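Peer 1: Turn this into a structure:
(chains A and B)
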Number of protein chains: 2
Amino acid sequence: MLASSSPRRQDFLRDLGLDFRVLPALTEEARPLPGEAPDAYALRAARSKAENVRTRIAAGAEGFPGRAAAPLVLAADTIVVLDGDILGKPASGADALAMLERLAGLVHTVITACCLWPAEDRAPCAWFADAAHVRFAPWPRGLLEAYTATGDPLDKAGAYGIQGRGAFLADRIEGSWSTVVGLPVSRVVRALLDCGALSGPRA
Amino acid sequence: MLASSSPRRQDFLRDLGLDFRVLPALTEEARPLPGEAPDAYALRAARSKAENVRTRIAAGAEGFPGRAAAPLVLAADTIVVLDGDILGKPASGADALAMLERLAGLVHTVITACCLWPAEDRAPCAWFADAAHVRFAPWPRGLLEAYTATGDPLDKAGAYGIQGRGAFLADRIEGSWSTVVGLPVSRVVRALLDCGALSGPRA
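Peer 2: Purely as a prediction, here's the structure:
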């Protein structure tokens, strides 16, 4: 059970050929606590989403017939960090352009935290944060304006998507590309193997 | 004019909002010369494709009304290099599985060379090779078999696509993700700006 409404996360699970359903978490957007490190914040947000959905499934809510129909909940939270600041989703086109101009020419960090939680257990079976470093070329303002005008930045942390229309922005990554998109698929597959949730293709 | 039939390269140009047409090069698959470095080989292959299409356009062939309708040709060539060996497209499913087992647990290099050639000029306006390093996790054979069975590896150098079904394979990249897919979009956009081929969004 994917605890996320992100179409990009759904695409990843579909591409993997996994059998899954979607039930977005009903949690308020978390806020960083004073002094909380960015990865700790992302981990807390992912765990909170997983717990919300796991509790609702175990209670038989939302029309889901209990645990048997959804043995494992997967939640994720992605943040963009520059100079210690966490950049969220932009509030407007002008806000998006300001974020992009701030990122241009610099290296920032994208952290995606994941939490895998079996519906019948009291604790997650896997819980981790994965970080990737992304370098933006020093793009001219006109190009960033044209990208902002496409509307692509508006629903994305840090005001860009590294896939699709925003693919030109980053000229270098160190880390996992899928972590930047919003789901570290390599570590998720490894965690699914470790949690015993992948049958069939195991060696 | 994109001198490639690759749907992934076409997707990149479409995502960028560029106005382009497709005319695949009519060149035989190049072979590395004795002692030729992998990046030199990829550069030669990309230039050969661009020259083929540029010549045909300039001659008014293929129903294209000369230079005015296609001012700039873009060609690319992508290779996968492991321990100095160039891995091409697999000849069969068994060949694909053998390549994937060879790549598993190791870091390999993906090189995409590009050539941009104005139809009216005797030389390219931009010509470069971009390299990225990709690490595969040590996946169990069963998972590689399941991926091979999807058919995804068969039309791809190195027997994998880093986008789509193969996204889980690489747990780390150093370099540009789009270079691994087959077109270094960031450097292509920069080259288009430098060649004067992008109007409008320039600052």
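Peer 1: And stretch A:35-50, how far out from the chain middle?
Peer 2: Computed by CA atoms, centre = their mean, to the nearest Å, the chain-centroid distance of stretch A:35-50 equals 12 Å.
Peer 1: Average pLDDT for it, rounded please.
Peer 2: Here stretch A:35-50 scores 95 as its mean pLDDT.
Peer 1: before we move on, what about stretch A:12-19?
Peer 2: 91.
Peer 1: got the contact list for it?
Peer 2: For stretch A:12-19, the surrounding residues in contact (CB atoms under 8 Å, 6 or more residues apart in numbering or on different chains) are A:2, A:20, A:74, A:178, A:181, A:183, A:185, A:188-189, B:146, B:150, B:164-165, B:167-168. C-beta: built from backbone N, CA, C; applies to glycine.
Peer 1: got a winner among those residues for most neighbours?
Peer 2: In terms of neighbours by other CB atoms under 10 Å in any protein chain shown, the contacts of stretch A:12-19 top out with A:S178 at 30 neighbours.
Peer 1: tell me the SS of that residue?
Peer 2: helix (DSSP: H, G, I helix; E, B strand; the rest coil).
Peer 1: Find the nearest non-adjacent residue to it, please.
Peer 2: A:V185 (4.4 Å; CB to CB, 6 or more residues apart in numbering or on different chains).
Peer 1: ok, so what distance separates the one you found from A:R8?
Peer 2: From A:V185 across to A:R8, the span is 11 Å (CB to CB, to the nearest Å).
Peer 1: returning to what we had before: in this structure the residue nearest to A:S178 contacts B:A167, no?
Peer 2: Yes - judged on CB atoms under 8 Å, A:V185 makes contact with B:A167 at a distance of 5.0 Å.
Peer 1: Need the overlap of contacts for the two.
Peer 2: Common neighbours of A:V185 and B:A167 (CB under 8 Å, 6+ apart) are A:12, A:16, A:178.
Peer 1: For chain A, which residues are neighbours of chain B?
Peer 2: Selection of chain A residues close to chain B by CB under 8 Å from any CB of the partner chain yields A:12, A:15-17, A:137, A:140-143, A:145-146, A:150, A:162, A:164-165, A:167-178, A:184-190, A:193, A:200-203.
Peer 1: What about those residues, which are in helices?
Peer 2: With helices taken from DSSP state H, the overlap with these comprises A:12, A:15, A:141-143, A:145-146, A:177-178, A:185-190, A:193.
Peer 1: what are the ranges of the strands in chain A?
Peer 2: Using DSSP state E, the strands assigned to chain A run over residues A:72-82, A:85-87, A:107-118, A:126-136, A:170-175.
Peer 1: Any chance of CSV for these, columns mean pLDDT?
Peer 2: Below are these laid out as CSV (pLDDT from 0 to 100):
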stretch, mean pLDDT
strand A:72-82, 95
strand A:85-87, 92
strand A:107-118, 97
strand A:126-136, 97
strand A:170-175, 96
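Peer 1: so who does A:C115 touch?
Peer 2: A:43, A:46-47, A:49-51, A:73-76, A:124, A:126-127 are the contacts of A:C115 under CB under 8 Å, 6+ apart.
Peer 1: Which single one of those is nearest to B:A132?
Peer 2: A:A76 (24.8 Å; CB to CB).
Peer 1: Please name the nearest non-neighbouring residue to the closest one.
Peer 2: A:C114 (4.8 Å).
Peer 1: quick one, what contacts the residue nearest to A:S178?
Peer 2: A:V185 touches A:12, A:16, A:176, A:178, B:167-168, counting by CB under 8 Å, 6+ apart.
Peer 1: Sweet, I'm off.
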